[in-house]
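Colleague: Whatever this is, show me its structure:
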Amino acid sequence: MKTCNTGFFMSPQNFSVNDGDGIRTIIFFAGCPLKCKWCANPESQSYNNCLVKEYSVEQILKIIERQEIFYRSSGGGVTFSGGEATLNPDILRELTNILYDRAINLAIETSGYFVFEEIKDILEKMDLIFVDIKHMDESKHIIFTGNSNRIILSNIKKMNDLNTSIVARIPVIEGVNADDCNIVKTAEFVKENIDNPKIELLPYHSFGDEKYEALGIDKPSRDFKAPSVDRLKELKKLIEKHGVEIVSYK
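Modeller: Numbers count the residues shown, from 1 in each chain. Sure thing, here's the model as predicted:
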């Protein structure tokens, strides 16, 4: 199949057992509408750096086709990630339609920051949607990401009307969003607005520091801390107490 669509991506990751069921290929789109101060993939925030490459749809499909046997044997598939895949709706739609017609399991990891009606048809073909809830407080969300959370929370409500499984993800960062008040508000929102409410806790890490060095930009603040194992257990109990299931794809 011939296509002229191209887009900017980071290196795809094969043989992933994270970010969805089974063995998966993760397709990382470049570009992101948020500028999270703790971002683990800073290369995704610009198309013009040494860690980003332009691929055609055909090139991405060839990468996926070589892995398809592993999807079939493990119940795996393809996960679109980033950056923010929905910033590139044309190429995302084309890849989604082709893989959907091949009955390949599809998942997407998204910030939730997009115009819902423009990508509704894409989301409808996903088997699983991971959506971040970085903070429930709008003013703090703006401070830490550069944008309001209003469109994100609104989109989550709209996603619930799709025939698709949804997992809300919290990147748990001490000093940012790991306090009881924010976690409870997040759990209450998920419980109220997702029919089968699930949350995944993603502890903060500094694995992206080498990327910051390669790009010649400042690393995230040392004030950002990973929660302890005991703290994560406390948050898990707190969320479950509010009727939300804790899941893990990590």
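Colleague: Listing partners with orientation, what would you give for the longest strand along the chain?
Modeller: For the chain, the strand that runs over the most residues, judged by DSSP state E, is strand 165-172. Using DSSP bridges, strand 165-172 pairs in its sheet with strand 128-132 (parallel), strand 198-203 (parallel).
Colleague: Moving C-terminal from the last one, which element do we reach first?
Modeller: In other words, strand 198-203. Next helix or strand after strand 198-203 toward the C-terminus (DSSP states H and E): helix 209-215.
Colleague: That following helix: which residues count as buried?
Modeller: Residues 211-212 are the ones in helix 209-215 that count as buried (16 or more other Cβ atoms under 10 Å). C-betas here are computed from N, CA, C, even on glycine.
Colleague: Just the buried residues of the longest strand of the chain, please?
Modeller: For strand 165-172, burial by neighbour count (16+ other Cβ under 10 Å) applies to 166-172.
Colleague: Equivalent analysis for stretch 146-163, please.
Modeller: Buried residues in stretch 146-163 (16+ other Cβ under 10 Å): 147, 149, 151-153, 155-156, 159.
Colleague: Quick one: mean pLDDT over the longest strand of the chain.
Modeller: Across strand 165-172, the average pLDDT comes to 97.
Colleague: Contacts for it, please.
Modeller: 36, 38, 109, 127-134, 156, 159-160, 177-178, 183, 186, 190, 194, 196-204, 226-227, 232, 235, 247, 249 (Cβ atoms under 8 Å, 6 or more residues apart in numbering).
Colleague: I'd like the strands paired with strand 165-172 as a markdown table, with distance to residue 43 appended.
Modeller: Shown next, in a markdown table, are the strands paired with strand 165-172 (distance: least, Cβ to Cβ, whole Å):
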| stretch | distance to residue 43 |
| --- | --- |
| strand 128-132 | 18 |
| strand 198-203 | 19 |
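Colleague: what about those, which gets the closest to residue 64?
Modeller: For residue 64, the closest of those is strand 128-132, at 17.0 Å, according to Cβ to Cβ.
Colleague: Quick check: chain neighbours aside, which residue is closest to residue 8?
Modeller: Nearest residue to residue 8 in three dimensions, chain neighbours excluded: residue 30, at 4.0 Å (Cβ to Cβ, 6 or more residues apart in numbering).
Colleague: Please give the three-state secondary structure assignment for the most centrally placed residue in the chain.
Modeller: The centroid of the chain falls nearest to residue 109 when counting by Cα atoms, centre = their mean (2.6 Å). Using DSSP: H, G, I helix; E, B strand; the rest coil, the three-state assignment for residue 109 comes out as strand.
Colleague: Show the model's pLDDT score for it.
Modeller: 97.
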